[in-house]
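Asker: everything below, folded, please.
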Amino acid sequence: MKAILKKWLLNPRSILVIYILFALIASIQSIQQGEKPFVDDGIPYNQYNNYTIFKQSFFHLKEGKDLYILYPEEHWDLYKYSPSFSVVFGALAILPDGIGLSIWNLLNALFLLYAIYLLPGISLTKKSWIALICLIELLTSMQNEQSNGLMVGLIVLAFCMLEKDKYWPATLLLVATVFIKIFGIVAMAMFLFYPNKWKLALYSVIWTILLLALPLLFVDLTQYQFLMESWSRMLSEDHSISLGFSVMGWLQSWFGMEGHKLWTLITGVILFLLPLSRWKHFNDLNFRIWTLCSILIWVVIFNHKAESPTFIIAMVGVAIWFIKSEKNILNIALFVLAMIFTSLSPSDLFPASIRRDWVIPYVLKAVPCILIWFKITWDLIRMNGNKTEHSLHSELS
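Answerer: Numbers count the residues shown, from 1 in each chain. Sure, this is the predicted structure:
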């Protein structure tokens, strides 16, 4: 019975059904929960507030309004994505909320799942394990109607396209991430691994121009310039008011280090780039996959605005790393910590008092991912080409 259950659970069709059910359950839950205030004595808003922000941005764009100011009569918080994203989201905005939200969560779930099953150098069974490891964190993101499942799906799918020398779709996918969240630009570091870099640069420029032009379907040049300036100003102001579940937040909460945001980011960039100086290893598939894992974790832990739903991006990196890595005591311990504190800490398995007094103040959700990223960076710096090829051969055989 146990073997049959395991065989069914790791079947890609079963995983697909589970992902679809989780997306629909998250959507139904958000729709049915009614309204709540996001601050004490505040205005009550629906539980799918983030979806409402995305949806209303399309109508604000059409009406010639500023996308980057508060609209307290409609929703809580600011719209923070590009004007181009609001255009694309219009395809969902015109639908009834229940249908639009369900499609949105399905896109986040299925883009990620499709990308996972396209990963090279990993067996089908191990891909299923990766999908299952990520499931709890994906649910957290979908329950908050966030775009993070889509973001990580686009990045991983772009990596898979690059591995197949499909540069047009790969560059479109990566450029699209930048129009959702600026930090997607970090993933373009993967271009270093592949030949014909001038094509990658040229195609990226073409897609950037096309996506930049999308809002001009609804606004004139003057309004478009105003929107871009307003977006830039909002991001600049937003950068100064938060540390989030990040390395910056960890340094402040554990060690009392303040006013260090810029220097921490610079240090993170230098450490991220160090393994990429080992250009002789670029033809090693393990090196490229672990660099992908590094990117997925880096864009979260060095993001001053990282929230709990953002960590689906990092957990995909953690899952791929663990499945590909040697199963020694240190790696297993780090993975277990990530499952406990990163994936499970926001759930009801942790009493509310522990979440309030320990998990949030001490940024415990981020700490395992920070440790794993340092471990990946160290392993990339120390990686031996012959050893990696041998380990890769063992996994594929």
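Asker: residues near residue 342, how many?
Answerer: Residue 342 is flanked by 27 other residues according to other Cβ atoms under 10 Å. From N, CA and C alone the C-beta is placed, and that goes for glycine too.
Asker: name the nearest residue to residue 171, sequence neighbours excluded.
Answerer: Leaving aside its sequence neighbours, residue 171 sits nearest to residue 203 (Cβ to Cβ, 6 or more residues apart in numbering; 4.0 Å).
Asker: so how far is the helix or strand harbouring the one you found off the chain centroid?
Answerer: Secondary structure from DSSP states H and E places residue 203 in helix 197-213. Offset of helix 197-213 from its chain centre (Cα atoms, centre = their mean, to the nearest Å): 22 Å.
Asker: go through it and flag the buried ones.
Answerer: 200, 203-204, 207-208, 211-212 (16 or more other Cβ atoms under 10 Å).
Asker: ok, now stretch 246-260?
Answerer: Using 16+ other Cβ under 10 Å as the test for burial, stretch 246-260 gives 246-253.
Asker: could you do stretch 353-367 as well?
Answerer: Neighbour-count burial for stretch 353-367 [16+ other Cβ under 10 Å]: 355, 359-360, 363-367.
Asker: ok, back up a step: so can I have JSON lines of the buried residues of stretch 246-260 showing distance to residue 304, pLDDT and secondary structure?
Answerer: Listed next are those as JSON lines, based on distance: Cβ to Cβ, whole Å; pLDDT from 0 to 100; DSSP: H, G, I helix; E, B strand; the rest coil:
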{"residue": "246", "distance to residue 304": "6", "pLDDT": "90", "secondary structure": "coil"}
{"residue": "247", "distance to residue 304": "9", "pLDDT": "91", "secondary structure": "helix"}
{"residue": "248", "distance to residue 304": "6", "pLDDT": "91", "secondary structure": "helix"}
{"residue": "249", "distance to residue 304": "8", "pLDDT": "89", "secondary structure": "helix"}
{"residue": "250", "distance to residue 304": "12", "pLDDT": "90", "secondary structure": "helix"}
{"residue": "251", "distance to residue 304": "12", "pLDDT": "89", "secondary structure": "helix"}
{"residue": "252", "distance to residue 304": "11", "pLDDT": "89", "secondary structure": "helix"}
{"residue": "253", "distance to residue 304": "13", "pLDDT": "88", "secondary structure": "helix"}
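Asker: could I get these as JSON lines with distance to residue 285?
Answerer: Conversion of the buried residues of stretch 246-260 to JSON lines gives the following (distance: Cβ to Cβ, whole Å):
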{"residue": "246", "distance to residue 285": "30"}
{"residue": "247", "distance to residue 285": "28"}
{"residue": "248", "distance to residue 285": "33"}
{"residue": "249", "distance to residue 285": "34"}
{"residue": "250", "distance to residue 285": "32"}
{"residue": "251", "distance to residue 285": "34"}
{"residue": "252", "distance to residue 285": "38"}
{"residue": "253", "distance to residue 285": "38"}
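Asker: what mean pLDDT does stretch 73-84 get?
Answerer: For stretch 73-84, mean pLDDT is 95.
Asker: gap between it and the chain center?
Answerer: Using Cα atoms, centre = their mean, the offset of stretch 73-84 from its chain centre is 19 Å.
Asker: measure it end to end?
Answerer: Stretch 73-84 stretches 24 Å from its first residue to its last (Cα to Cα, to the nearest Å).
Asker: any chance you could list what contacts whatever helix or strand residue 272 lives in?
Answerer: Using DSSP H and E, residue 272 falls within helix 261-273. With contact meaning Cβ atoms under 8 Å, 6 or more residues apart in numbering, helix 261-273 is reached by 186, 189, 243, 247-248, 251, 294, 298, 301-302, 304, 377.
Asker: name the residues of that helix that are buried.
Answerer: Within helix 261-273, the residues that count as buried by 16+ other Cβ under 10 Å are 261, 264-265, 268, 271-272.
Asker: pull the number of nearby residues for residue 12.
Answerer: Residue 12, neighbours per other Cβ under 10 Å, totals 15.
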